[in-house]
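Colleague: this one's structure only:
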């Protein structure tokens, strides 16, 4: 029976509850009741105008069929299991992911109403299997890794589709709701006894970053679990691969290289070794930016000019000082990532082929844009941090730095800027949600 969303704007939650999927998380893991109810009460837009309450539950065999199709469409996933034996083993593990009725129902809804997110869920499950096969041969552990990848973004089903629109401008309340979806999916899963505690922790951490710039808890370094670190990077990879118009593996390579301060460097190295951007036709979609290398160098100069004497600023407060010190830490990590690129020595050699020189210029373009994006994100973080005080007028040194970062980003970034163009690489990305 179809449900009229105008009469019941919370129909999705009601269907899930009818299947036994009522979130039952401890108070410490879910937002306060009023905000949680607001999160649940979004009136969903097409294609969720009418949802069949008798929607068939997703079967394990369907997961296998859909993954086989995705392997045919995305060469990077195919490279993660090159032999028939590896491929069959991974497909068999994917079929073993526990799917209680309420979870299977949500996957059915994800497949039918958010096909891009569903493809990314499959890709994340496959990617987690690839990463974990390098760590363990235990089938249970591999199955749990696949579960984390497959289910990590189910919380997005319970948000307005507007929050999935990368070009939509978000207000503070919408941003806060978006940032809570990792906790929501943990709440949806932890009432079931099928998933290990590390899976529940990982899905809650899949937007956290090593430098503390992620969400919802701004965790840093070792405070993020090993599975959480693997899932955070996997979600970035599948999100970028899912954007078929934006450079494919070349863009992924550039962004990973410039985000080793946000994601586990040892995992990034595994991905970089797997990439074949020269074989990816999506590389042709990258428009070359003139003076990209000079822009990268300028980004380094701007970053190194960050004002470090915040404690002496007029109008400084403990809240403002804490916010600016956090930016200082992230600026230092950003500078370290820039230095690791070695762009001063990376000019294309004259003997390179025309195709190789073009690919190098495209790569430098992507690196320059990512650097400008990260500077823009840092500038906005610094501006928000200063505005935490009683008056919003920043001191002159900070204003000048903010202006320099803005000028560089305006000169470098596309006019129609995706608010999360590095999804799951949140200036993330990621990231990837916070810009």
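Modeller: Looks like it arrived, so ask away. Being a predicted model, the structure only gives us computed values, none of them experimental.

Colleague: Could you use CA atoms for every contact and neighbour count after this?
Modeller: Fine.

Colleague: At which residues are the helices of the stretch 1-150 of the chain located?
Modeller: With DSSP state H, counting those that start in this stretch as the criterion, the stretch 1-150 of the chain has helices at 11-18, 33-40, 60-73, 75-79, 84-95, 101-113, 115-133, 139-151.

Colleague: could you give the mean pLDDT of the last one?
Modeller: The pLDDT scores in helix 139-151 average 97.

Colleague: orientation of it relative to helix 115-133 in degrees?
Modeller: 160 degrees (axes from the mean of the first three to the mean of the last three Cα atoms, to 10 degrees).

Colleague: Now render the helices of the stretch 1-150 of the chain as JSON lines, adding distance to residue 193 and mean neighbour count.
Modeller: Listed next are these as JSON lines, based on distance: least, Cα to Cα, whole Å; neighbours: other Cα atoms under 10 Å:
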{"stretch": "helix 11-18", "distance to residue 193": "17", "mean neighbour count": "19"}
{"stretch": "helix 33-40", "distance to residue 193": "23", "mean neighbour count": "14"}
{"stretch": "helix 60-73", "distance to residue 193": "18", "mean neighbour count": "15"}
{"stretch": "helix 75-79", "distance to residue 193": "30", "mean neighbour count": "17"}
{"stretch": "helix 84-95", "distance to residue 193": "18", "mean neighbour count": "17"}
{"stretch": "helix 101-113", "distance to residue 193": "12", "mean neighbour count": "20"}
{"stretch": "helix 115-133", "distance to residue 193": "19", "mean neighbour count": "23"}
{"stretch": "helix 139-151", "distance to residue 193": "12", "mean neighbour count": "25"}
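
Colleague: now the ones you listed in a markdown table, with distance to residue 268?
Modeller: Formatted as a markdown table, these follow (distance: least, Cα to Cα, whole Å):
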| stretch | distance to residue 268 |
| --- | --- |
| helix 11-18 | 36 |
| helix 33-40 | 34 |
| helix 60-73 | 21 |
| helix 75-79 | 14 |
| helix 84-95 | 21 |
| helix 101-113 | 28 |
| helix 115-133 | 11 |
| helix 139-151 | 17 |
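
Colleague: ok, residue 87 touching residue 81?
Modeller: Yes: using Cα atoms under 8 Å as the test, residue 87 is close enough to residue 81 to be in contact (5.2 Å).

Colleague: any low-confidence regions in this structure?
Modeller: Segments of the chain classed as low confidence (criterion: pLDDT under 70) are 1-54, 162-168, 244-245, 342-352, 388-392, 415-435.

Colleague: quick one: which of the helices of the stretch 1-150 of the chain is nearest residue 295?
Modeller: helix 75-79 (30.0 Å; Cα to Cα).

Colleague: which strands and helices sit next to the closest one?
Modeller: Helices and strands touching helix 75-79, by 3 or more Cα pairs under 8 Å, 6 or more residues apart in numbering; DSSP states H and E, are helix 60-73, helix 115-133.

Colleague: So which elements touch the shortest one?
Modeller: Secondary structure elements in contact with helix 60-73, counted by 3+ Cα pairs under 8 Å, 6+ apart, are helix 75-79, helix 84-95, helix 115-133.

Colleague: Show me which helix runs longest in the chain.
Modeller: Determined from DSSP state H, the single longest helix within the chain is helix 354-386.

Colleague: Now do the buried residues in that one.
Modeller: Buried residues in helix 354-386, counted by 16 or more other Cα atoms under 10 Å: 357-383, 385-386.
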